[in-house]
Every structure is written in C-alpha cells, then in structure tokens.
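need a structure here:
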Amino acid sequence: MFFKRLIPLSLVVLSIIFAGCSQQQITEHVGIGTDFDGGGGIAGFNDHSEALNVTIELVRRGYSEEDISKIWGANLLRVWREVEK
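This next block holds a predicted model:
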C-alpha cells in the first residue's frame, strides 16, 4: 500500500465539504467515485465495497437523499450531457 496510515473517512468527507464552501455548491458541483482495485488509503472507503460508508457519513452530516444522489453520480451525468450537446 502506498500510504503508511489510512486517512479517516470523516476527514475525506470534511474535505469535500470545505472544497465546496457551501452545501449548495457541493451538491451541485462535487462528484466522488471509488478506487475499484482497492488501496485508496481511506479508512472505511478503501475500495468500492465500502462506498456505503461515504453515504452514511453524508447522511450523518445532514445531506438529503437528493443531494447524495447528485454527489454520487447525478452531477457527473448532468455535466456529461451538457458536454455532449
């Protein structure tokens, strides 16, 4: 593994929050994905099998189902559609 110590999942989600400055900016402009082959270096999200932990952390921080859907893929699809026009 590249990392000597795993980064806590809560710190990763907190980084997403700070990167967006506001919840609306996050839910409209942030997208996340997985490290499918594992070894991502994030405790609780080391590979795709632990992706639910990210959702749980977002729910714990007050994000709605719609917001989480955007973060998990709807934002990517929206931008992709715009690019294809």
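
which residues of this structure fall in helices?
Remark: helices assigned in the chain by DSSP state H are 9-20, 23-29, 51-60, 65-69, 75-84.

which of those sits closest to Gly41?
For the helices of the chain, the distance to Gly41 is smallest for helix 9-20, at 9.6 Å, taking Cβ to Cβ. All C-beta atoms are positioned from the backbone trio N, CA, C, and that covers glycine.

for the closest one, what does the pLDDT average out to?
Regarding helix 9-20, the rounded mean pLDDT is 68.

same deal with stretch 30-44?
73.

cool, stretch 77-85 as well?
In this model, stretch 77-85 has an average pLDDT of 92.

pull the CA atoms of that stretch into PDB?
Only the C-alpha atoms of stretch 77-85 are listed here, as PDB (Å, rounded to 0.1, in the frame of the first residue of the first chain):
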ATOM      1  CA  LEU A  77     -24.200  12.700 -15.700                       C
ATOM      2  CA  ARG A  78     -25.500  16.300 -15.900                       C
ATOM      3  CA  VAL A  79     -22.200  17.700 -17.000                       C
ATOM      4  CA  TRP A  80     -21.600  14.800 -19.400                       C
ATOM      5  CA  ARG A  81     -24.900  15.500 -21.100                       C
ATOM      6  CA  GLU A  82     -24.000  19.200 -21.400                       C
ATOM      7  CA  VAL A  83     -20.600  18.400 -22.900                       C
ATOM      8  CA  GLU A  84     -22.200  16.000 -25.500                       C
ATOM      9  CA  LYS A  85     -24.600  18.800 -26.800                       C
END
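
quick revisit: how about the helices of the chain in CSV, adding distance to Ile42 and mean neighbour count?
CSV is the format used below for these (distance: least, Cβ to Cβ, whole Å; neighbours: other Cβ atoms under 10 Å):
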stretch, distance to Ile42, mean neighbour count
helix 9-20, 5, 15
helix 23-29, 18, 15
helix 51-60, 9, 16
helix 65-69, 17, 14
helix 75-84, 20, 11
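
Throw those helices into CSV and include distance to Asp37, thanks.
Below are these laid out as CSV (distance: least, Cβ to Cβ, whole Å):
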stretch, distance to Asp37
helix 9-20, 18
helix 23-29, 27
helix 51-60, 14
helix 65-69, 24
helix 75-84, 20
